[in-house]
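Chemist: Sequence plus the predicted model coming up.
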Amino acid sequence: MNNISGAKSLMLALEEQGVRQVFGLPGGANLPMYDELFKSNIRHILVRHEQSASHMADGFGRVSRKAGVCFATSGPGATNILTGIATAQADSVPMIAITGQVPINMIGKDAFQESDIIGMSNPVVKYSFQPRHASEIPLTVKKSFYIAETGRPGPVLIDIPKDVQQNEAEMDLAVKFKIKGYNPWIVPDVIQIEKAIGMILSSKKPMILAGGGVIISSSFAELQSIAELLTIPVVTTFKGKGSFPENHPLSLGPIGMHGHAEANKLMTEVDCVLAIGTRFSDRSVGTFDEFEKKLKIIHMDVDPAEIGKNQTTNIAIVGNVQTSLRIMIKLILQKKLQKVINSEWMKHVKEVKAYWRDNLKIHPGEMSAARILRKLRSVLPKNAIVTTEVGQHQMWASLFFDVIKPGTFFSSTGLGTMGWGFPAAIGAKVAAPNVPVVDIAGDGSFNMTENSLATSVLEDIPVIVFLINNFSLGMVAQWQRTFYNRRMIGIDLQNCPDYVKLAESYGAQGIRVHSLDQLEKAIKTGLKSNIATVIDIPIDPEEDVLPFVAPGTSLKDMMLPS
Amino acid sequence: MYTILSILVENKPGILFKITHLFRSRNFNIENIFVGGTMDHNFSRMTIATNCNEKQIQQLVKQINKMIDTIEVKRLNQNKSVYKETILFKILKSNKSDLEELNKLSNEYNSRIYEGKNSIIIELTEEPSTINSFEEKLKIYKILETARTGIVALENNEH
């Protein structure tokens, strides 16, 4: 067996995992890796800021359901990807972040570009490794992918000191491993599932609450089967948006702080909830305690620690939700169980849904958020992938952009990272090159990672930025209008930069639109182009996102458009 | 009364940091912590005393279990477990009768005495409550310093 360097073995191990590209930016401490990357078949996608590399790997991971890989150098390179790692952890996204580190004998000496990234990242990684010898690298990479992609997925950091990259060692690339303290394959308890079915069937007003776990486990067909077999309406969390086709008669859309009025309204009336792959976040359920006392809750989740963390449950079903749902379907079919379709509850659900679909007031003017997003939906093919940034535009997307094909909508829902959507869209496009990818953006968020236009253009990864431009940090402005008596501070972005010129300066195309017709044309132009398209859509800066459940209140206390 | 968690973990650098960081980031409190090797040098055992409420304990056990370096976490049943702490008291030797009295007290508690030139160190390994009552009795002397280990505990098998 020949001796090879740590960096070389890293590339071989990544290739073995099926890695086709890495997103990254080189620096002093990861140059040996880059030298081997030069010689390997793995494509390098250069970013202009390491944070974007991590978001691209994130977007790639959400779409492909395989860990995306990002590279950064030591010190500031490593700290720059922390936000991306934390974002992936909050949304349970598989990711491998590989950082260079100063040589082992320099660690702890406050060396140039040294940062204790293992220590800093500890609370936001699923696991981290710092190989101390080149021979450890093949095993480290295997374990990292296994940990990142199994169970509840998450980011894994591999921090490799420069000398460990350079040193040569005998490598056992076929090394096998076992991680004693890690068992992602928890078998769901059939008895609990049987009990759950009984509880649903004996309830009068059941509801399914579908979370991000349905999307992560790709359990779209299973979710739809259960809903249809038992005739249960489906609400989702925001992260679960698009786990269920939003044009389905049983779909009520997302609940939560900016949930659909009908979803929030009906959620407060239910007597039994089947919650699938959700952690009952404060943004989804508000102060749930208010009405949970009368409510029976069945909670399915892959992560045992989520059971009882935010919400007390009556029945817990721990395990991969796809497996759990399949067992549930099998039991329902075996016993020929079903609910009466035209129950009183379903009649009421249909009425409430129809009422709010017809009567929810939207902001006046041709270019209101609702109208432009409905236009986007009508022009975009159903299989198009949509990412969002974080802010008002994100919540408008939740309200007014219906996801038809499950698993085509992604957002930074947990950490709420502004600037995530655009690089994530680039990562998504790499994972699905034949599908149109659109980042529904706001000006504040797009500002944060707009320099990824360089990556999009130079690396030939065209996406559309649907820039809902209200010249302000709109969500903060809305809170200042609502809760701080219009004392507006720190929100005015004015018309700076000019996004059309900005796009053009990167070699992308920029189109500003002032009418729905122009918008339709611009979207079609973007879809046909082989270059990034920024559609700048100025809107009324005073437009609020409504309905709105104020923080710390119940879904019952939803504010509606007046 | 504290809840005692006995946690078997991989014996790796940084593991103490990870466990204590988990307490910090999840807003839980550690009353005392004891870490030591086991017969198998691949693993360490941490014994952590915490005063969290029932709901918090349940969540804490799950979060510790979720850690990849955790092999096993047990919440010890007090009635079936042996709980011990070791404490060292350094006492100023002020007059001759001190040593005599301390020897007497020491016999009563089954503690050991190490005599120095100007001070006496007393070592006691006992249950936390006994240590506390011993400490009360020593308070009439000039205690210069103390050092206490934190609880180390194991649960007896039922069968």
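Modeler: Perfect, thanks for sending it.

Chemist: check contacts around the residue in chain B positioned nearest to chain A.
Modeler: Chain B approaches chain A most closely through residue B:62 (3.9 Å), counting by CB to the nearest CB. For every residue, glycine as well, the C-beta is placed using N, CA and C. Shown in contact with residue B:62 (CB atoms under 8 Å, 6 or more residues apart in numbering or on different chains): A:304, A:305, A:307, A:308, A:309.

Chemist: The first one and residue B:66 touch, don't they?
Modeler: Yes: with contact taken as CB atoms under 8 Å, residue A:304 and residue B:66 are classed as touching, separated by 7.3 Å.

Chemist: now the contacts of residue B:62 in TSV, with distance to residue A:338 and neighbour count?
Modeler: Converted to TSV, the contacts of residue B:62 look like this (distance: CB to CB, whole Å; neighbours: other CB atoms under 10 Å in any protein chain shown):
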residue	distance to residue A:338	neighbour count
A:304	31	18
A:305	34	21
A:307	28	21
A:308	31	16
A:309	33	19
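
Chemist: Looking at these, which is nearest residue A:59?
Modeler: Comparing the contacts of residue B:62 against residue A:59 with CB to CB places residue A:305 closest, at 26.3 Å.

Chemist: any idea what sits nearest the closest one, other than its immediate chain neighbours?
Modeler: Of all residues not flanking residue A:305 in the chain, residue B:62 sits nearest, at 3.9 Å (CB to CB, 6 or more residues apart in numbering or on different chains).

Chemist: The residue of chain B closest to chain A sits in which helix or strand?
Modeler: Using DSSP states H and E, residue B:62 sits in helix B:54-66.

Chemist: Just the CA trace of that helix, in CSV.
Modeler: Extracted C-alpha coordinates of helix B:54-66, given in CSV (Å, rounded to 0.1, in the frame of the first residue of the first chain):
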residue,chain,number,x,y,z
GLU,B,54,-39.0,16.7,36.5
LYS,B,55,-39.8,18.0,33.0
GLN,B,56,-36.4,19.4,32.6
ILE,B,57,-34.7,16.2,33.7
GLN,B,58,-36.6,14.2,31.1
GLN,B,59,-35.5,16.6,28.4
LEU,B,60,-32.0,16.7,29.8
VAL,B,61,-31.7,12.9,29.7
LYS,B,62,-32.9,12.9,26.0
GLN,B,63,-30.5,15.6,25.0
ILE,B,64,-27.6,13.9,26.6
ASN,B,65,-28.6,10.6,25.0
LYS,B,66,-28.8,12.4,21.7
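
Chemist: Pull the distance from it to the chain's centre.
Modeler: Computed by CA atoms, centre = their mean, to the nearest Å, the separation of helix B:54-66 from the middle of its chain amounts to 21 Å.

Chemist: now do stretch A:356-373
Modeler: Relative to the chain's own centre, stretch A:356-373 is displaced by 26 Å; criterion: CA atoms, centre = their mean.

Chemist: swap in stretch A:229-246?
Modeler: Centroid separation for stretch A:229-246 versus its chain: 16 Å, with CA atoms, centre = their mean.

Chemist: Quick check: buried residues in that stretch?
Modeler: Judged by neighbour count (16 or more other CB atoms under 10 Å in any protein chain shown), stretch A:229-246 contains these buried residues: A:230-246.

Chemist: Among the residues you listed, which are located in helices?
Modeler: residue A:230 (DSSP state H).

Chemist: In contact with residue A:483, which residues?
Modeler: Residues in contact with residue A:483 (CB under 8 Å, 6+ apart) are residue A:550.

Chemist: tell me the domain boundaries of the chain?
Modeler: Answering for chain A, as no chain was given. As recorded under automatic domain parsing, the domains making up chain A are A:3-170, A:190-358, A:361-553.

Chemist: looking at chain B here, not the other one
Modeler: Annotated domains of chain B cover B:3-75, B:81-155 [automatic domain parsing].
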